[in-house]
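**Student:** give the three-dimensional model of this entry:
(one chain, ligands or ions: 1)
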Amino acid sequence: MRTAEVRTRFLDYFAERGHTVVPSAPLPTPDPTLLFVNAGMVPFKPYLTGTAEPPWPRATSVQKCIRTLDIEEVGKTTRHGSFFQMNGNFSFGDYFKEQAIAYAWELSTKPLTDGGYGLDPDRIWVTVHHSDGDARGLWRQLAGLPDERIVARGDEDNFWSMGVPGPCGPCSELYYDRGPALGREGGPEVDEDRYMEFWNLVFMQYERGEGPGKSGYPILGELPRRNIDTGMGLERMATLLQGVDNLYEIDETRPILNRAAELAGVRYGADEQADVRLRVVADHVRTALMLLTDGTTPGNEGRGYVLRRILRRAVRSMRQLGYEDRALPELLPAARDCMAASYPEVAEVYERSADQADAEEDAFRATLRQGTTVLDTAVAAVKDSGGRSLPGAQAFLLHDTYGFPIDLTLEMAAEQGIEVDREGFTALMAAQRERARADARARKGAAPLDTAALRAVLDEHGPTDWQAWSTLTTDSRVLAVLGPDGPVKAARAGAVVTVLLDRTPFYAESGGQESDAGRLTGASVEADVLDVQRPLPGLVAHQVRVTAGDLAPGDTLRAAVDADWRLGARQAHSGTHVLHAALREVLGPTALQSGSYNRPGYLRLDFPWRGGLSPLVRGDIEEAANRALRRDLPVGVEWMTLPEAKRKGALALFDETYGEKVRVVEIGGEWSRELCGGTHVERSSQIGVVSLTAESSVGAGMRRLEAVVGLEGFDYLARERDLVSRIAEQVPGPRAELPDRIEAILSRLKAADRENARLKREAALSRATDLAASAENLSGTLLATTFIDGTASDARDLSQAIRDALPRTEPSVAAVAARTEGKGILAVALNTRARELGLSAGTLVKAALRGRGGGSAESAQGGGVRADELDAVLAVLRTAVTEGTSTDE
Ligand code: SER
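**Tutor:** So this is what the prediction gives:
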């Protein structure tokens, strides 16, 4: 089956099932988070997130997409193309999981003769998100899939987002077993080449925030509607149906590959390395043409750079295949012929695209020439001096200044019989990367830690004598002062440096507890401690800002933790344990902390839980925590072996390698028992108060509780009280009655709104007679139309009133176009005489609104358009009435 046929079967199938066919958006997207459209859902993002009203409840499309993240993989695997087309069906708050699964299954397995893809149901495997029992059940029930072919996977594989903030949700993927010749038995977990993914169904329910691409980002909340976004790889389905090995061999790319092989005089399939290059050429030439068609031009930044890189890689691959002439004028026509059938614009603007590609190829060839001169000179120098190897610095210069990739340098040097100092080159590249990283760090304000220098200190002086559990001050000696470039003899006032001491009372950030703040004070030096870390086991490093004098190795000084800070830190850390125990008291033992952070006054902890906590449950948790404070429970620290700790039920929360004995912190004996290295209060009452401030989602099935403790806890409550006081000033009466009074005010407001609406409606109805009088005569049928600001029922009422005011003896139609919050509504009513002529209100509304709406033959209404489209809607209606083309439903 040709690729074009795969695409039309898809669109036809979903169009027949009520989906509006939407043409592909251009590749460059106005979405600020992306350079190019990278998934079928991108043009629909505002409908999915609910920021715009979808014009249709269901849509289907074949969308052009570009993904260049794995560009080095192109040609090497069987299934990654930099340009690809995604067939999708979308539901915006309409059908959900069950229907999406049923559609995908039916279309995939329906016989070819029935318009389907005819895949063998026994070779289809699916994956589901491990938390998605529903999807598993549906696959069993709707497709009859056995459990062993329903594979559960985690966020990384089965929770889909755009990689950036936006809509997301668990997904379910369909895979096809291409047979034992292509890999090992065992499903997609074992071999993704043999089991080729061809369709991804995303159950879009959530909105994600900033964070890593695939997992571990925060979930900001639920979307206003539950949506469906599916993506079927057009090229992958074509690969399956055409029985070819990979997507470069399907009908839309193979002719480009053949042309490249012909030019280079090689045979595809004879040599693996040459084959990879041919596939790169086929992929890249097609991608470049599609980008050029959509108006991207080669450049040094953003979209232009992506295109430039792709064109250059294509040209270079041809060169590596032994073809040194201008290649693009030979290859682009093949790509055009492949793609123009589905995208006529490819042929329409082809001349322009070809001109730009040719110019870029010429420029690259000039670069190659220049670089070649530099390379030749360097090679000659090496040979003159009797050497055999091109220095790494030369290779780096070629890369950095002339844009020569290292493999090109290697290859060209080899042609002249010399090697390249790859190690030297790699070291320079690494140094460049490190400079870039250091720049990034410097922007964040943190000084880099020089691991070699730190290790030298540890080797020379042994581990830091760490006193954080027993004291707030120590007399300490400065062992070393490290600047960004290594050890320094002295740091002046204003400098931010890393200081290593023989002894320290400072807590280094760990186990969720923030590091201590405080000061270092010597005879002639003072410094603020900004951050304390343990960069190597046993070594505590202080990042400090020198505020007076010089700080030098050998200085003796007093290291003092800020006592208030530490008290706050102890309250917050013990508060975290208390909240954790309270949480488990209320929710049960599955609510096990999976991450936490605390600093003076504030704490948060994350735990697995499905769904949000109700205000009632939050109240219970807060109360359990504060009851534990009032009971003034003793806080104790005990050292014991790990098995002993486990026997006593201590919770080990983070993956640390514990030494011989572990430290167990208890609050109220077994009420709270956790392995912990933090600093704590002596009795629970010292925490003061635990006030919950927030509860939110931080990932699929993961919740976060935040609280303030100690003085900050009281401050928070005081601010809340102040807020209530200010509200109470506006709403007179006893404070205890505030909620009731506000509710009463709101319901009075609602009643007033309703009354207001009723008056508006009445006023509108009284207009009915006037409107009926001004009806136009369309070849014997009277048509009265009007615009109002109002709801669907306003429009319906008015259309019926006008209809009743129109003469009963004439065929009469009344149409009311209503605007409400930017949306448009149309209501039509007509009389018996109009019915006798064959007109129907339902049919007229459907004709005017492209199918959206319904009702009876006498009275009907619909929406789904924007308010500013109503003029056009009425124009269509007028034509329909005039032509009398509408027939009874
Ligand atoms: N958005 C999903 C994907 O790109 C499904 O269309 O895989």
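
**Student:** please make it C-alpha for all contacts and neighbour counts, starting now.
**Tutor:** Fine.

**Student:** three-state assignment of the residue nearest to Thr556 when sequence neighbours are not counted?
**Tutor:** Across the structure, with CA to CA, 6 or more residues apart in numbering as the measure, the residue nearest Thr556 apart from its sequence neighbours is Arg477 (4.4 Å). Reduced to three states with DSSP: H, G, I helix; E, B strand; the rest coil, the structure at Arg477 is strand.

**Student:** Arg477 against Arg503, yeah?
**Tutor:** Yes - Arg477 lies in contact with Arg503 (CA atoms under 8 Å); the separation is 7.2 Å.

**Student:** can you list the residues that contact stretch 470-481?
**Tutor:** Outside stretch 470-481, the residues that touch it by CA atoms under 8 Å, 6 or more residues apart in numbering are 457, 461, 467, 487-491, 497-506, 551-563.

**Student:** stretch 1-12 now?
**Tutor:** With contacts defined as CA under 8 Å, 6+ apart, stretch 1-12 is touched by 21, 60-62, 87, 107, 115-117, 234-235, 237-238, 241-242, 250-252, 341-342.

**Student:** count of neighbours near Ser691?
**Tutor:** 23 (other CA atoms under 10 Å).

**Student:** contacts only, for it.
**Tutor:** Listed by CA under 8 Å, 6+ apart, the contact partners of Ser691 are Glu622, Ala707, Val708, Val709, Gly713, Tyr716, Leu717.

**Student:** distance check, Asp325 against the ligand.
**Tutor:** Applying CA to the nearest ligand atom, to the nearest Å, one obtains 38 Å for the distance of Asp325 from the ligand.

**Student:** quick check: phi and psi on that residue?
**Tutor:** The phi/psi pair for Asp325 (degrees, to the nearest 10) reads phi -70, psi 180.

**Student:** do you know how far it is from Leu375?
**Tutor:** Between Asp325 and Leu375 the distance, using CA to CA, to the nearest Å, works out to 21 Å.

**Student:** more neighbours: these two, which one.
**Tutor:** Neighbour totals were compared for Asp325 and Leu375, and Leu375 leads with 20 against 14 (other CA under 10 Å).

**Student:** distance between the helix or strand containing that one and the chain's centre?
**Tutor:** Using DSSP states H and E, Leu375 sits in helix 350-384. Using CA atoms, centre = their mean, to the nearest Å, we find the averaged C-alpha position of helix 350-384 to lie 39 Å away from the chain's own average C-alpha position.

**Student:** quick one: contacts of stretch 265-281?
**Tutor:** Residues external to stretch 265-281 that are found in contact with it (CA under 8 Å, 6+ apart): 74-76, 248, 256-258, 260-261, 313-315, 317-318, 320-321.

**Student:** the residue of the stretch 451-600 of the chain found nearest the ligand: neighbouring residues, count only.
**Tutor:** Of all residues in the stretch 451-600 of the chain, the one sitting closest to the ligand is Ser594 (29.0 Å; CA to the nearest ligand atom). When neighbours are counted by other CA under 10 Å, Ser594 registers 14.

**Student:** equivalent analysis for Phe10, please.
**Tutor:** The burial count for Phe10: 23, using other CA under 10 Å.

**Student:** check contacts around whichever residue of the stretch 701-850 of the chain sits closest to the ligand.
**Tutor:** Nearest to the ligand, among the residues of the stretch 701-850 of the chain, is Gly701, at 20.7 Å (CA to the nearest ligand atom). Applying CA under 8 Å, 6+ apart to Gly701 gives the contacts Pro608, Trp609, Arg610, Gly611.

**Student:** specify the beta-bridge partners of whatever residue of the stretch 201-350 of the chain ends up closest to the ligand.
**Tutor:** Shortest the stretch 201-350 of the chain-to-the ligand distance, computed as CA to the nearest ligand atom: residue-wise this is Gly231, at 3.2 Å. Beta-bridge pairing for Gly231 (DSSP bridges): Asn200.

**Student:** about what we covered before: pull the most distant pair out of the contacts of Ser691.
**Tutor:** For those, with distances taken as CA to CA, the pair at the greatest spread is Glu622 and Tyr716 (14.2 Å).

**Student:** the more surrounded of those two?
**Tutor:** Neighbours around Glu622 and Tyr716, counted as other CA under 10 Å, are more numerous at Glu622. The numbers are 21 against 18.

**Student:** related to what we said a few turns ago, for the residue of the stretch 201-350 of the chain closest to the ligand, give me its contacts.
**Tutor:** Gly231 is in contact with Ala39, Gly40, Met86, Asn87, Gly88, Asn89, Trp199, Asn200, Leu201, counting by CA under 8 Å, 6+ apart.

**Student:** Ala59 is in contact with the second one, correct?
**Tutor:** By that I understand Gly40. No - Gly40 is beyond contact range of Ala59, at 11.0 Å (criterion: CA under 8 Å).

**Student:** can you list the residues of the protein near the ligand?
**Tutor:** Counting by CA under 6 Å from any ligand atom, the chain comes close to the ligand at Ala39, Gly40, Met41, Asn200, Leu201, Val202, Asp229, Thr230, Gly231.

**Student:** got a ChimeraX select line for the buried ones in the residues you listed?
**Tutor:** A single ChimeraX command is used to select the members of the residues of the chain next to the ligand judged buried by 16 or more other CA atoms under 10 Å:
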select :39,40,41,200,201,202,229,230,231
